[in-house]
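Trainee: take this sequence and fold it.
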Amino acid sequence: QVQLVESGGGLVQAGGSLRLSCAASGRIFTINNMSWHRQAPGKQRELVAVISRGGSTMYEDSVKGRFTISRDNAKNTVYLQMNSLKPEDTAVYYCNANLQLGPPGNGPPGSWSTYWGQGTQVTVSS
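Mentor: Here you go, the predicted model:
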């Protein structure tokens with residue numbers, strides 16, 4: 001019904017930049033919060049940044065001032081601009097969307113649920 005597809009990961013040297021994108025598609029009525037999470041080897045998945053539909057943002061302390069989350073509501077897409085990357089930013093990055101499904105027919109919108117993308121690898125070399 002709904003797919004989140006991430007792109008933009010890769011290998012970059014410390015101090016470099018990457019821009020991640022995540023496009024949501026399918027039977028979507030509206031999307032509330034969208035967020036980026038990451039999981040490094042041997043560690044738990046952690047929240048990196050979140051953005052509301054209206055554009056309010058919050059960041060994990062270690063990425064403040066370096067990462068910027070943004071979204072295009074018309075395209076159901078969220079972005080993560082990552083600057084001044086550090087080796088400790090190396091992880092698989094996942095996008096997440098809290099959304100309401102579109103109506104199956106001519107009825108009211110469907111239920112709210114949370115969806116995850118498949119993840120994109122970001123590797124920062126020292």
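Trainee: tell me the strands in this protein, going along the chain?
Mentor: Taking DSSP state E as the test, the strands found in the chain are 2-7, 10-13, 18-26, 28-39, 46-51, 57-59, 67-72, 77-82, 91-101, 112-116, 120-125.
Trainee: for those, which one ends up most surrounded?
Mentor: Across these, averaging neighbours per residue (mean count of other C-beta atoms under 10 Å) puts strand 77-82 on top, at a mean of 22. Backbone N, C-alpha and C define where each C-beta goes, glycine included.
Trainee: that one - contacts with which helices or strands?
Mentor: On a contact count with 3 or more C-beta pairs under 8 Å, 6 or more residues apart in numbering; DSSP states H and E, strand 77-82 meets strand 18-26, strand 28-39, strand 46-51, strand 67-72, strand 91-101.
Trainee: and the fourth one, what does it pack onto?
Mentor: Applying 3+ C-beta pairs under 8 Å, 6+ apart, we find strand 67-72 packed against strand 28-39, strand 46-51, strand 57-59, strand 77-82.
Trainee: now do 10 Å
Mentor: Contacts defined by 3 or more C-beta pairs under 10 Å, 6 or more residues apart in numbering; DSSP states H and E place strand 67-72 against strand 18-26, strand 28-39, strand 46-51, strand 57-59, strand 77-82.
Trainee: for that strand, what is the average pLDDT?
Mentor: Average pLDDT, strand 67-72: 98.
Trainee: quick one: it to chain centroid distance?
Mentor: A distance of 9 Å separates the C-alpha centroid of strand 67-72 from that of its chain, computed with C-alpha atoms, centre = their mean, to the nearest Å.
Trainee: picking that back up, closest to Pro108 out of the helices and strands packed on strand 67-72?
Mentor: Taking C-beta to C-beta as the criterion, Pro108 comes closest to strand 28-39 out of the helices and strands packed on strand 67-72, the separation being 9.3 Å.
Trainee: what mean pLDDT does the closest one have?
Mentor: For strand 28-39, the mean pLDDT works out to 97.
Trainee: what's the answer for stretch 101-115, then?
Mentor: The model assigns stretch 101-115 a mean pLDDT of 87.
Trainee: now do it: distance to the chain's middle.
Mentor: For stretch 101-115 - counting by C-alpha atoms, centre = their mean - the centre lies 22 Å from the chain centre.
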